[in-house]
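Engineer: Structure for the following, please:
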Amino acid sequence: MLALNCDLVELKCVGLCNGPVVVTDLDANVPDVYSKLRSKSDRRLLRARVSGDSRARKKLADKRVARKSVLNVISRRLQRVA
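Structural biologist: Model (predicted):
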């Protein structure tokens with residue numbers, strides 16, 4: 001579903017075992033990382049988030065990953081892919 005409107009990049013393990021994991025704002029210094037996006041409402045919010053809906057970002061706040069070690073690993077891996 002996301003492949004139609006987004007660039008998908010597959011990464012190896014980033015230390016989050018509670019997936020699925022989605023990274024948005026790849027061009028930012030610290031991208032937004034969301035995990036545990038399993039329900040239909042989570043997927044609907046993700047589509048809205050990718051479309052630029054700021055309300056969806058607020059609603060997905062509890063799914064956002066804040067661990068700096070994970071964010072650093074993801075940022076480094078994305079730099080290698082780009």
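Engineer: Low-confidence bits of this protein, can you list those?
Structural biologist: Scanning the chain for pLDDT under 70 picks out 1-5, 7-8, 82.
Engineer: Mind naming the longest helix for it?
Structural biologist: helix 68-81 (DSSP state H).
Engineer: list the contacts for Val70?
Structural biologist: By CB atoms under 8 Å, 6 or more residues apart in numbering, the contact set of Val70 is 14-16, 33. Any C-beta I mention is one placed from the backbone N, CA and C, and that applies to glycine too.
Engineer: can I get those in TSV with secondary structure and neighbour count?
Structural biologist: Output for those, formatted as TSV (DSSP: H, G, I helix; E, B strand; the rest coil; neighbours: other CB atoms under 10 Å):
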residue	secondary structure	neighbour count
Val14	coil	20
Gly15	coil	11
Leu16	coil	17
Val33	strand	22
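Engineer: so what's the residue nearest to Arg67 when sequence neighbours are not counted up against?
Structural biologist: Spatial nearest neighbour of Arg67, chain neighbours left out: Gly15 (7.9 Å); criterion: CB to CB, 6 or more residues apart in numbering. By CB under 8 Å, 6+ apart, the contact list for Gly15 reads 67, 69-70, 73.
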